[in-house]
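In: Here you go, sequence then predicted model.
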Amino acid sequence: MIKNNGKFIIKFEKEDEEFVKNLNWKRLDNGYNKAKEFFEYEGEISPIRINLIYSPEEYLFFSGYQKHESWMRACATNNNTIIIFAPSIVEKYTIHKKDDILETLIHEITHYFYGYSCMRKNLTKLPLWDEGIANYIAEKKFDYEIDFEFSTLKNFTDHSSKNYIGGYKLIEAIIKKFGIEGNKRIIEFLKNSSLEMSENELFSLFKKIFEIDVNSLMELKGGIKR
Ligand SMILES: [Zn+2]
């Protein structure tokens with residue numbers, strides 16, 4: 001079955017009919033607009049296609065991943081098509097809750113805006129910032145402090161969950177300190193950084209743009225537990 005509201009097109013099976021009927025399109029649209037504004041993106045990237053997935057095999061088919069892990073829930077694939085485990089079966093195959101689906105969709109939509117901004121505005125895609133901004137726009141709540149320092153401004157490779165939580169806390173701390181101006185500084189940071197830069201260079205760039213070093217900012221804004 002397909003429901004097309006112009007901006008979002010969702011493909012689903014009968015067992016999720018009720019869910020789709022009650023979907024909060026307004027909140028989804030607000031999330032879309034918030035992501036668009038964050039990246040100061042001109043123009044639309046809609047329609048966003050939402051493909052509800054019903055098995056790990058189907059997830060692998062559309063994502064191109066080799067193996068499905070229970071923490072994998074959704075993926076922003078080509079042609080603005082988000083694949084996501086259907087609410088009716090998400091709790092069976094993943095560790096995620098069916099009630100988080102809107103949050104997850106907004107998270108994935110934010111990845112598209114970041115990705116297109118990399119192409120159009122020369123931003124650099126850094127996983128820490130990518131996941132952090134996506135969680136921030138999706139208003140994912142992490143109301144606890146993190147217990148690790150920032151050893152990287154690119155990508156935590158030891159534990160990828162640090163990109164999600166640490167990235168979120170980082171964006172939150174920046175917005176808390178600078179308000180709307182923080183948004184602009186984040187874009188400036190992503191414009192002036194590159195994957196070739198060393199961590200030291202990125203930490204200096206951070207200090208130059210935010211006028212504080214990252215761990216002090218996190219501590220100041222209550223993001224790191226001491
Ligand atoms: Zn993500």
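Out: Cool, the structure landed. Numbering: from 1, shown residues only.
In: what does this protein have sitting close to the ion?
Out: Contacts of the chain with the ion, taken as CB under 5 Å from the ion, map to 131, 134. (C-beta placed from N, C-alpha, C; glycine too.)
In: just for the chain, where's the confidence low?
Out: 226 (pLDDT under 70).
In: Could you pull up the contacting residues of the residue positioned nearest the centre of the chain?
Out: Geometric centre of the chain, nearest residue: residue 134, 2.2 Å, by CA atoms, centre = their mean. Residues near residue 134 by CB atoms under 8 Å, 6 or more residues apart in numbering: 107-108, 110-111, 114.
In: and the residues you listed as JSON lines, adding distance to residue 177, secondary structure and neighbour count?
Out: Formatted as JSON lines, the contacts of residue 134 follow (distance: CB to CB, whole Å; DSSP: H, G, I helix; E, B strand; the rest coil; neighbours: other CB atoms under 10 Å):
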{"residue": "107", "distance to residue 177": "23", "secondary structure": "helix", "neighbour count": "26"}
{"residue": "108", "distance to residue 177": "28", "secondary structure": "helix", "neighbour count": "25"}
{"residue": "110", "distance to residue 177": "21", "secondary structure": "helix", "neighbour count": "26"}
{"residue": "111", "distance to residue 177": "25", "secondary structure": "helix", "neighbour count": "20"}
{"residue": "114", "distance to residue 177": "21", "secondary structure": "helix", "neighbour count": "24"}
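In: Rebuild the residues you listed as a markdown table, extending it with distance to residue 165.
Out: Formatted as a markdown table, those follow (distance: CB to CB, whole Å):
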| residue | distance to residue 165 |
| --- | --- |
| 107 | 13 |
| 108 | 18 |
| 110 | 16 |
| 111 | 17 |
| 114 | 18 |
